[in-house]
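Colleague: sequence first, then the predicted structure:
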Amino acid sequence: MTRTAIAAVLLMAVAQARTTRDGVYTEAQAKRGADVYEKACASCHAPDLSGSGHAPPLADVDFAKEWDAQPLSDLFERIRTTMPADAPGTLKSAEVADVMAFLLSKARIPAGSTELPSDAAALKTITYAAPKGDDFGTIPVTRLR
Ligand code: HEC
């Protein structure tokens, strides 16, 4: 390979390796996701995402630790195939992406100018990067599952 070709390949690899710190959803998308959440998730996970009964919190330290460094496609598939627990598989892919954008916004992960894609292949290229230190989500650490 020529040097230019190698540089091009490296650039492509860098462009693909995005994390949730790179502004991977939009505020408008998170707003749509808030509606989905209210209708399909809040009854079990609580309106403030703090969880209730067997339904765990969705924006606390445990949640972030569990999904940290995982591709967003994993969270997408988890929600798409198992949630809402009383009617799994009833959400459209776009609704799942929207509700994920809402979860990211609640974990204080910054929005950007492009929407979160609603297919697993595209989401595989984005890694969940947990917020760090004080920059943590809106759920008190004391509320553990
Ligand atoms: C009928 C109650 C119920 C509803 C409605 C519901 N969930 Fe859940 N959810 C649960 C329970 C119980 C668990 C834990 C057991 C399990 O994994 O099935 C869970 C687990 C999860 C997990 C895994 C949590 C973790 O720490 O990894 C995610 C993510 C999730 N739910 C997202 C959602 C989203 C998004 C919605 C709305 C689209 C939703 N849930 C609706 C009951 C519910």
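Modeller: In hand now; what should we look at?
Colleague: number of nearby residues for the spatially closest residue to residue 69 that is not a sequence neighbour?
Modeller: Ranked by C-beta to C-beta, 6 or more residues apart in numbering and with sequence neighbours excluded, the top spatial neighbour of residue 69 is residue 127, at 6.2 Å. No exception for glycine: its C-beta is placed from N, CA and C like everyone else's. The number of residues packed near residue 127 is 20, by other C-beta atoms under 10 Å.
Colleague: across the sheet, point out what pairs with residue 127.
Modeller: Assessed by DSSP bridges, residue 127 has beta-bridge partners residue 19, residue 71.
Colleague: ok, now which ones touch it?
Modeller: 17, 18, 19, 20, 69, 70, 71, 72 (C-beta atoms under 8 Å, 6 or more residues apart in numbering).
Colleague: most neighbours among the residues you listed, which one is it?
Modeller: When neighbours are counted as other C-beta under 10 Å, the busiest of those turns out to be residue 72, with 26 neighbours.
Colleague: of all residues in this protein, which one is nearest the centre?
Modeller: In the chain, the residue lying closest to the centroid (C-alpha atoms, centre = their mean) is residue 100, at 4.2 Å.
Colleague: then it would be within a helix, right?
Modeller: Yes: counting by DSSP: H, G, I helix; E, B strand; the rest coil, residue 100 falls inside a helix.
Colleague: distance of it relative to residue 65?
Modeller: 17 Å (C-beta to C-beta, to the nearest Å).
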